[in-house]
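J.: A predicted structure for the sequence below; I have some questions about it.
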Amino acid sequence: MKKKITLLVLLVTTLSLGLVLASFRQPQADADAETASYEATSFDLPEEAEYITDLKAMQDGTICAVAGSSQAQDVICYTSKDQGKTWEETARYASRLPITIKQTDYVEGYGYLAEDGTIGIYLGITPNTSKADVEKDSSNLKTNNYNFIIQPNGTIISIEHKTVQERSCYKMHFAGNSCYLEDIQGNLYEVNKTSGTWKGKVLSYDKVDLLNGKLFAGENGVYAVDAKQLATVSSERTETSLEPVLERLQKHIDPDAFEREYVTAATEDQNILYYGDKQGLWKITARGESCLISGKNIRSMTGKGDLRNLAVQEDGTMILAVSTMDGQSSLVQYVPVQ
């Protein structure tokens, strides 16, 4: 991974503020004009994989999926070597952690993979509570929240929480030597990946997705990650070939994006970005963008399921992770038709 990646937020300077706000409030039109042909297939993950929290397409063609399971009270990693047709369980993490979980506890777990094999774990443990109790009314329940980093050599780092906001960090993003924790309100905090030491808040109230370990796409902008800091700089101070790509990506992400799910992915060189929601899936480059999968196609394959993750393999195969409220997880695979 590169040591230094300039952090930028894209600002549209050629339009007035009023026109910018007006354009961002316009909902994205449904995309029905596909520019490529794909064969779509749906695969189910094992029953215990209730909700997918991370999905990675590895360079050797292996697909890694991390899923939370309240049924198993655990975070489980699965791998597939045949593009999602069959899955093998490769790791369970809760038993490795320095905490005690009782059979009567309700456990909500999330796992997030880094490129080097590091994994971030969030566990929310509600003592003596059933899943039915949580679904009925969770407002008065007391949940104990934990964040851990498990390094490739097996070393476990416990992240110490100091504030209420830090205790609600259920998402973890890895970039460079840092782990970025996202709380329930969208605040982003930086933590040293090897020591677990807090470096402080870096972004506020911004729904973010991490693209390929380097770029954050949020409601208020698109940011790149610097190994030393995460700060906002004007695009006027930035000269990069990525700027047209990020500008087009930003147009898809509007103030309604927090309530409308979207997924993102990037190629290794970050010159090609992918964006998908229930209105379509786009490939975005410096020269323009094209709709690869129509909104109608995506809705027919995912139904009422939530889009959780997107992974793109070297051969152009795209994989959507889908989760439903009834605790089912599936993958939709789009293979290019030659």
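T.: Yes, it's here. Residues are numbered from 1 along each chain as shown.

J.: what's downstream of the lowest-mean-pLDDT helix or strand in the chain, the next helix or strand?
T.: The helix or strand of the chain with the poorest confidence is helix 17-25; it has a mean of 32 (mean pLDDT, DSSP states H and E). Downstream of helix 17-25, the next assigned helix or strand under DSSP states H and E is strand 38-44.

J.: contacts for that following strand?
T.: Contacts of strand 38-44 with the rest of the structure, by Cβ atoms under 8 Å, 6 or more residues apart in numbering, involve 84-85, 292-293, 297, 301, 318, 328-337. Yep, even glycine has a C-beta here, placed from its N, CA and C like the rest.

J.: cool, stretch 163-171 as well?
T.: Outside stretch 163-171, the residues that reach it (Cβ under 8 Å, 6+ apart) are 110, 112, 122, 124, 145, 147, 161, 181-185, 187, 189, 198.

J.: what of stretch 47-58?
T.: 45, 63-72, 75-76, 78, 110-113, 308-314, 317, 319, 321-323, 327-329, 331.

J.: what packs against the host helix or strand of Gln250?
T.: Using DSSP H and E, Gln250 falls within helix 243-252. In terms of contacts (3 or more Cβ pairs under 8 Å, 6 or more residues apart in numbering; DSSP states H and E), helix 243-252 is packed against strand 215-218, strand 221-224, strand 273-277, strand 280-284.

J.: tell me how far the third one is from the chain's mean position?
T.: Computed by Cα atoms, centre = their mean, to the nearest Å, the separation of strand 273-277 from the middle of its chain amounts to 12 Å.

J.: now it: average pLDDT?
T.: In this model, strand 273-277 has an average pLDDT of 87.

J.: quick one: it to helix 243-252, angle?
T.: Strand 273-277 runs at 10 degrees relative to helix 243-252, counting by axes from the mean of the first three to the mean of the last three Cα atoms, to 10 degrees.

J.: strand 273-277 pairs with which strands, and in what direction?
T.: Strand 273-277 pairs in its sheet with strand 263-266 (antiparallel), strand 280-284 (antiparallel), by DSSP bridges.

J.: rank those by pLDDT, which is bottom?
T.: Among these, strand 263-266 has the lowest mean pLDDT, at a mean of 81.

J.: quick check: closest non-adjacent residue to Tyr180.
T.: Counting by Cβ to Cβ, 6 or more residues apart in numbering, Tyr180 lies nearest to His173, which is 4.3 Å off, once chain neighbours are set aside.

J.: does Ala67 touch Gln328 like I think?
T.: No - using Cβ atoms under 8 Å, Ala67 is not in contact with Gln328, being 11.0 Å away.

J.: who's more crowded, these two?
T.: Ala67 (27 against 15; other Cβ atoms under 10 Å).

J.: against Tyr78, how distant is the more buried one?
T.: Distance of Ala67 to Tyr78, computed by Cβ to Cβ, to the nearest Å: 7 Å.

J.: which neighbours do the two have in common?
T.: Residues touching both Ala67 and Tyr78 by Cβ under 8 Å, 6+ apart: Leu45, Ala49.

J.: so what's Leu97 up against?
T.: Neighbours of Leu97 in contact, by Cβ under 8 Å, 6+ apart: Ile121, Leu123, Tyr146, Phe148, Ile156.

J.: hang on, I meant Tyr275
T.: By Cβ under 8 Å, 6+ apart, the neighbours of Tyr275 are Ala217, Leu249, His252, Ile253, Tyr262, Val263, Thr264, Leu281, Trp282, Ile284.
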